[in-house]
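[1] Need coordinates for the following:
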Amino acid sequence: MSASHHDDRSLPPPRLEEVSSGIYAYIQPDGSWWINNTGFLAGRRGVISIDACSTERRTRTYRRAIAEVTARPITTLINTHHHGDHTFGNYLFPEATIVAHERTRELILAEGIPEYRTFAWSPDVEWGHLEAVAPFLTYSDRVTVYSDDLRCEVRHVGFAAHTTNDSYVWIPERRLLFAGDLAFNGGTPFVLMGSVTGGIEALDQLKELGAETVVPGHGDVCGPEVFDQVRGYLEFVLVTAERGKAAGLTPLEAARETDLGEWGELLDAERIVGNLHRAYAELDGLPRGGQIDLVAAITDMITFNGGKPLSCLA
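    Take a look at the predicted model:
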């Protein structure tokens with residue numbers, strides 16, 4: 001079945017939401033492939049940005065949105081993980097200290113601007129000029145940054161989940177969480193480069209924080225109910241993988257024979273195939289985040305999508 005649930009129609013423009021006093025979520029509809037959320041804290045001395053965007057145009061538009069709120073300089077850019085929708089725009093923040101987990105730096109340096117973006121997704125994406133710029137202030141566990149007197153805790157989850165290097169930004173005084181791609185709202189969660197079981201454990205970690213407001217990596221601002229929604233999907237992936245392996249099916253065959261049910265209404269449902277590749281590898285004993293054949297998994301997602309490149313409206 002073709003799993004693309006959106007077409008080439010024009011998307012609503014990005015929007016700013018003040019999710020707490022002086023703290024903004026920058027929401028980019030529709031949250032599908034390569035269309036992520038960012039956010040920023042507008043302090044008296046400067047701005048702390050959480051993530052960049054995937055294309056030159058989108059990142060420049062994000063910077064203009066910040067400038068409409070404050071004329072203060074952008075002093076800090078936090079990357080929640082290495083994926084290009086959150087980091088390709090790093091180079092457009094030359095004045096900022098770029099902060100991330102040490103593994104995020106390693107992967108950006110190793111991968112640069114990966115070529116898989118050009119063969120897997122719609123060829124008419126306007127990437128613009130891109131440069132791979134890695135974080136230059138790194139941490140192994142966590143680091144605390146302050147917006148004036150407001151404490152912001154940047155924590156690595158400690159294991160592979162969405163990727164091997166996921167961090168989130170927790171602002172305890174405001175009960176506000178920037179979850180990065182540990183949480184998708186309205187889109188299919190994706191753990192091909194991380195771990196299915198790790199993704200579930202990461203959600204438990206996030207839930208324990210007691211957040212009242214959650215800015216997911218993709219989709220609308222929400223509450224902590226998003227953790228149960230993502231967990232339900234990942235548990236569905238595990239059950240599907242166990243059943244598929246027992247029947248001797250490949251991940252692609254298992255996906256094709258599975259009724260996605262409620263999960264089929266999520267954007268980019270073809271991610272079930274990539275997620276099954278990861279789940280199969282874990283069932284075979286591969287450690288969380290261990291290397292698998294990404295090209296084979298992405299190729300299977302394209303096959304599942306009717307042989308067409310995956311939809312990308314970025």
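[2] Please identify the buried residues of stretch 294-304?
    297-298, 300-302, 304 (16 or more other Cβ atoms under 10 Å). Any C-beta I mention is one placed from the backbone N, CA and C, and that applies to glycine too.
[3] what are the ranges of the helices in the stretch 1-150 of the chain?
    56-69, 84-87, 102-111, 116-120 (DSSP state H, counting those that start in this stretch).
[4] If you count contacts, what does the third one end up packed against?
    Which is helix 102-111. Applying 3 or more Cβ pairs under 8 Å, 6 or more residues apart in numbering; DSSP states H and E, we find helix 102-111 packed against strand 137-139.
[5] re the thing from before, among the helices of the stretch 1-150 of the chain, which is nearest F184?
    helix 84-87 (12.1 Å; Cβ to Cβ).
[6] hang on, the earlier thing: comparing the helices of the stretch 1-150 of the chain, which comes out most buried?
    Across the helices of the stretch 1-150 of the chain, averaging neighbours per residue (mean count of other Cβ atoms under 10 Å) puts helix 84-87 on top, at a mean of 26.
[7] picking that back up, cross the buried residues of stretch 294-304 against helices and list the overlap.
    297-298, 300-302, 304 (DSSP state H).
[8] Can you name the residues that contact the residue nearest to G210 when sequence neighbours are not counted?
    Using Cβ to Cβ, 6 or more residues apart in numbering and skipping the chain neighbours, the partner closest in space to G210 is R175 (6.5 Å). Neighbouring residues of R175 by Cβ atoms under 8 Å, 6 or more residues apart in numbering: 210-213.
[9] quick one on the thing from earlier: among the ones in helices among the buried residues of stretch 294-304, which one sits closest to D85?
    Nearest to D85 among those: I298, at 15.3 Å, using Cβ to Cβ.
[10] and the nearest residue to that closest one once chain neighbours are set aside, what is it in contact with?
    Excluding the flanking residues, the one nearest I298 by Cβ to Cβ, 6+ apart is A120, at 4.9 Å. A120 makes contact with 298, 301-302, 309-310, according to Cβ under 8 Å, 6+ apart.
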